[in-house]
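*Asks:* Fold the following for me, if possible:
(chains A and B)
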Amino acid sequence: ETGVTQSPTHLIKTRGQQVTLRCSSQSGHNTVSWYQQALGQGPQFIFQYYREEENGRGNFPPRFSGLQFPNYSSELNVNALELDDSALYLCASSWAGQGVGYTFGSGTRLTVV
Amino acid sequence: EDQVTQSPEALRLQEGESSSLNCSYTVSGLRGLFWYRQDPGKGPEFLFTLYSAGEEKEKERLKATLTKKESFLHITAPKPEDSATYLCAVQERGGADGLTFGKGTHLIIQP
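*Replies:* Presented below is the predicted three-dimensional model:
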């Protein structure tokens, strides 16, 4: 059973640029959600995708967008990067959004300079 | 708005010294309360899900309990490898399906 894999592991971008982060869900999982974790804080929910549609969103602006593909992999896109977007971005997968055992990836560390 | 508060923020224990971590929560209707362990530079690792007051779950040296307003993570005779940040999260019934996390408790077990 493969876990959740994220790429890249680290990324440095300039303010105003756009970034795409990728996630492969755990085998058998059909729901993927994304979280932002600033240093010293708990993860914050960005949004969730189920059957290729966004079905839940946290308090993040529209410049944070995503996609889920038929194989349940996912992308997080962030436009017009700001310095405060520097954080660890975590992807989590689960079965049908049930709370039992959301499995997290190791994250992508994004630094905006 | 959901709120999750964890205490203490940091805890340093001697190996073998048992203690408890607290997670207080405010939610309209609880779908589930989750405990995760996070090592530096890694994603959270799932430990437990609790669904209703009175429920308890155990795994090795860890035991999680739940009341209507808080959850405790009891650590019995901890070892240095138990050092990590422990995160508590809640999921609201009928909500956006996301987890609302606390800031975590940074636990250090000294040999």
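
*Asks:* can you give me the strands in the chain?
*Replies:* In the absence of a named chain, this looks at chain A. All strands of chain A, identified by DSSP state E, fall at A:5-7, A:10-13, A:19-24, A:31-37, A:44-50, A:53-57, A:64-68, A:74-78, A:87-94, A:103-104, A:108-112.

*Asks:* ah, I was thinking of chain B
*Replies:* Under DSSP E, chain B gives strands at B:3-7, B:10-14, B:19-26, B:30-38, B:45-50, B:56-59, B:62-66, B:70-75, B:84-92, B:100-101, B:105-110.

*Asks:* which intervals of chain A have sub-threshold pLDDT?
*Replies:* Within chain A, the stretches with pLDDT under 70 are A:1, A:96-100.

*Asks:* Show me which residues of chain B sit near chain A.
*Replies:* B:4, B:31-32, B:34, B:36, B:41-46, B:49, B:87, B:89, B:91, B:95-104 (CB under 8 Å from any CB of the partner chain). Quick note: C-beta positions are derived from backbone N, CA and C, even for glycine.

*Asks:* From those residues, keep the buried residues only.
*Replies:* B:4, B:31-32, B:34, B:36, B:42-44, B:46, B:49, B:87, B:89, B:91, B:95-104 (16 or more other CB atoms under 10 Å in any protein chain shown).

*Asks:* Okay, now stretch B:25-40: how far is its last residue from its first?
*Replies:* Terminal residues of stretch B:25-40 lie 25 Å apart, using CA to CA, to the nearest Å.

*Asks:* in that stretch, what's buried?
*Replies:* Buried residues in stretch B:25-40 (16+ other CB under 10 Å): B:25, B:27, B:30, B:31, B:32, B:33, B:34, B:35, B:36, B:37, B:38.
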